[in-house]
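**Q** here is the input, now give the coordinates:
(chains A, B, C and D)
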Protein chains: 2
Amino acid sequence: MTARTSRGRRPGAPDTRAEVLAAARASFAGKGFRGTTIRAVAASAGVDPALVHHYFGTKDDLFLAALEMPVDPRQLLVPVIAQGSDGAGERLVRTLLSVWDDPEHQVRLLAVARSVLSEDGATLLKDGFIPVVVGPALAQLVTDRPDVRVPLVASQVVGLIVTRYLIALPPMADMPAEDVVGRVGPVIQHYLTGDLP
Amino acid sequence: MTARTSRGRRPGAPDTRAEVLAAARASFAGKGFRGTTIRAVAASAGVDPALVHHYFGTKDDLFLAALEMPVDPRQLLVPVIAQGSDGAGERLVRTLLSVWDDPEHQVRLLAVARSVLSEDGATLLKDGFIPVVVGPALAQLVTDRPDVRVPLVASQVVGLIVTRYLIALPPMADMPAEDVVGRVGPVIQHYLTGDLP
DNA sequence: CGCACAATTCAACACATGATGAAAAACGTC
DNA sequence: GACGTTTTTCATCATGTGTTGAATTGTGCG
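**A** Below is the predicted model:
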């Protein structure tokens, strides 16, 4: 939309760097890492591709820069765990939604989610995030058999994220957060503390 | 692995076409559509890239060919529905697993799943598959508010597929099918017929 | 055998992509 | 106002991709 021709520095003090970063976030969130091209990001920011490289070196660097200010999931889980097992399912879903529904976080989380799901970055989730970061925390909420319960929780959480945010399945995507909490929370609670065969 | 040099037709009667197709299936299943290159498929089949095009025209055609012999989900759901709402959750999970655990089906289903999740093919799931194909069928099992219950079922099913097959999360991936049925089935049943706020 | 046909590879094109280095234009400072 | 610095574009390269057409070798049929 921006017709830019002349070479050299632009007049005024436009924060082009921030625009590039925003464009990159949007593209990574929508199309994942492979689906994002430096040229498309540049075009969407109304800028020459070389400028993208000038500000953020390589494409990997740009990806990392787009993910800055991440959420520390362990930090978030602290209050969920502190109140014990009772109602932990609902608290967990509420906490999850509070960060995923925040647009600022959402673009970053979508970017990493897309890339984790599509490419071989699945290892990151499988060998890193779930067992190392989130597993031990959840294990504190669980009565027994954490090795079975934690992945069951993961399956419902992943399904929620995929349907509500990644593919934005209509009734799932625009359901008020508290409705989701009331409907999915009990299932999580069941996986955490209910009877399992 | 196969050192092939000489030009022209190979001696014997090797079914090269089938090998190419198998390589394509594996690659589409593992890396999705974008992540799959004709050259890689050809190399994996020990064959020149041009041969891939010779047998299956364009890359899109190859993708379609790799997906041949699909499962008709409506067909599969018939017996699940016929027996009524009681125990439908477990039957649904069992049916789902029976097709996804079959290696023959799995490569094809993984290919389409990967591509649906990564690229903008999400529309296919969102506007086509879930509301048109699977939604009306499930609606027959549901006591009330199908517009809420069907997507909830979808969220748990998607989560199951992603964790068990796409990222192969260890305890989820190698859990015996009947264990999954016993653990996830009741949750599906709850989404179908249980109390919802 | 001779000959049509199928199977297979080679060489190459056109294009998109990530990346680089040099040049031009505005800014800030003395 | 001169000058170094920052911001921006241009031109270009190397590489990987999908795709095509010609060339080569084996098979099967008369």
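**Q** drop to CA atoms for contacts and neighbour counts, all remaining ones
**A** Will do.
**Q** which SS class is the closest residue to A:Gly159 other than its chain neighbours?
**A** In space, not counting the residues next to it along the chain, A:Gly159 is nearest to B:Gly159; the distance is 3.5 Å by CA to CA, 6 or more residues apart in numbering or on different chains. State at B:Gly159, reduced to three classes by DSSP: H, G, I helix; E, B strand; the rest coil: helix.
**Q** B:Gly159: neighbour count?
**A** 25 (other CA atoms under 10 Å in any protein chain shown).
**Q** which residues touch it?
**A** By CA atoms under 8 Å, 6 or more residues apart in numbering or on different chains, the contact set of B:Gly159 is A:Ala154, A:Ser155, A:Gln156, A:Val157, A:Val158, A:Gly159, A:Leu160, A:Val162.
**Q** tell me if the lowest-mean-pLDDT helix or strand in chain A is near chain B.
**A** Lowest on mean pLDDT, DSSP states H and E among the helices and strands of chain A sits helix A:122-123, with a mean of 72. Yes: against chain B, helix A:122-123 shows contacts by CA under 8 Å from any CA of the partner chain at A:Ala122, A:Thr123.
**Q** next, the buried residues of whichever helix or strand comes after that helix.
**A** Later in the chain than helix A:122-123, the nearest helix or strand by DSSP states H and E is helix A:135-139. For helix A:135-139, a neighbour-count test (16 or more other CA atoms under 10 Å in any protein chain shown) marks A:Gly135, A:Ala137, A:Leu138, A:Ala139 as buried.
**Q** let me know the closest of the residues you listed to DNA strand D.
**A** Set against DNA strand D, the nearest of the buried residues of helix A:135-139 by CA to the nearest atom of the strand is A:Gly135 (35.7 Å).
**Q** ok, for that closest one, nearest residue in space, not its chain neighbours?
**A** Excluding the flanking residues, the one nearest A:Gly135 by CA to CA, 6+ apart is A:Val150, at 6.3 Å.
**Q** next: A:Leu67.
**A** A:Leu67's closest residue in space is A:Arg108 (CA to CA, 6+ apart), at 5.3 Å.
**Q** how near is that neighbour to A:Ala66?
**A** 7 Å (CA to CA, to the nearest Å).
**Q** what does A:Ser85 give?
**A** Noted for A:Ser85: a distance of 36 Å to A:Ala66, by CA to CA.
**Q** the more surrounded of those two?
**A** Between A:Ser85 and A:Ala66, counted using other CA under 10 Å, the more crowded position is A:Ala66 (24 against 17).
**Q** residues contacting that one?
**A** Residues in contact with A:Ala66 (CA under 8 Å, 6+ apart) are A:Leu21, A:Ala22, A:Ala24, A:Arg25, A:Arg108.
**Q** the same query, at a cut-off of 7 Å, please.
**A** A:Leu21, A:Ala24, A:Arg25, A:Arg108 (CA atoms under 7 Å, 6 or more residues apart in numbering or on different chains).
**Q** CA atoms of whichever strand or helix holds the last one as PDB?
**A** In other words, A:Arg108. A:Arg108 is part of helix A:103-118 when elements are defined by DSSP H and E. What follows is helix A:103-118, C-alpha atoms only, in PDB (Å, rounded to 0.1, in the frame of the first residue of the first chain):
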ATOM      1  CA  PRO A 103      -3.100 -10.200  21.400                       C
ATOM      2  CA  GLU A 104       0.400  -9.100  22.300                       C
ATOM      3  CA  HIS A 105       1.200 -12.700  23.400                       C
ATOM      4  CA  GLN A 106      -0.900 -14.300  20.800                       C
ATOM      5  CA  VAL A 107       1.200 -13.500  17.700                       C
ATOM      6  CA  ARG A 108       4.300 -14.800  19.400                       C
ATOM      7  CA  LEU A 109       2.700 -17.900  20.700                       C
ATOM      8  CA  LEU A 110       1.100 -18.600  17.400                       C
ATOM      9  CA  ALA A 111       4.400 -18.200  15.600                       C
ATOM     10  CA  VAL A 112       6.100 -20.800  17.800                       C
ATOM     11  CA  ALA A 113       3.100 -23.100  17.800                       C
ATOM     12  CA  ARG A 114       2.900 -23.100  14.000                       C
ATOM     13  CA  SER A 115       6.600 -23.800  13.600                       C
ATOM     14  CA  VAL A 116       6.500 -26.500  16.300                       C
ATOM     15  CA  LEU A 117       3.700 -28.300  14.700                       C
ATOM     16  CA  SER A 118       4.800 -28.100  11.000                       C
END
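**Q** pull out the buried residues from that helix.
**A** Buried residues in helix A:103-118, defined by neighbour count with 16+ other CA under 10 Å: A:105-118.
**Q** now, among those residues, which is nearest to B:Ala29?
**A** When the buried residues of helix A:103-118 are compared for distance to B:Ala29 (CA to CA), A:Ser118 wins out at 10.7 Å.
**Q** in contact with that closest one, which residues?
**A** Contact criterion CA under 7 Å, 6+ apart gives B:Arg114, B:Ser118 as the residues in contact with A:Ser118.
**Q** let's see that with 8 Å instead.
**A** A:Gly32, B:Lys31, B:Gly32, B:Arg114, B:Leu117, B:Ser118.
**Q** same question for A:Ala111.
**A** Neighbour list for A:Ala111: A:Arg25, A:Phe28, A:Ala29, A:Gly30, A:Lys31, A:Gly32, A:Phe33, A:Leu67 [criterion: CA under 8 Å, 6+ apart].
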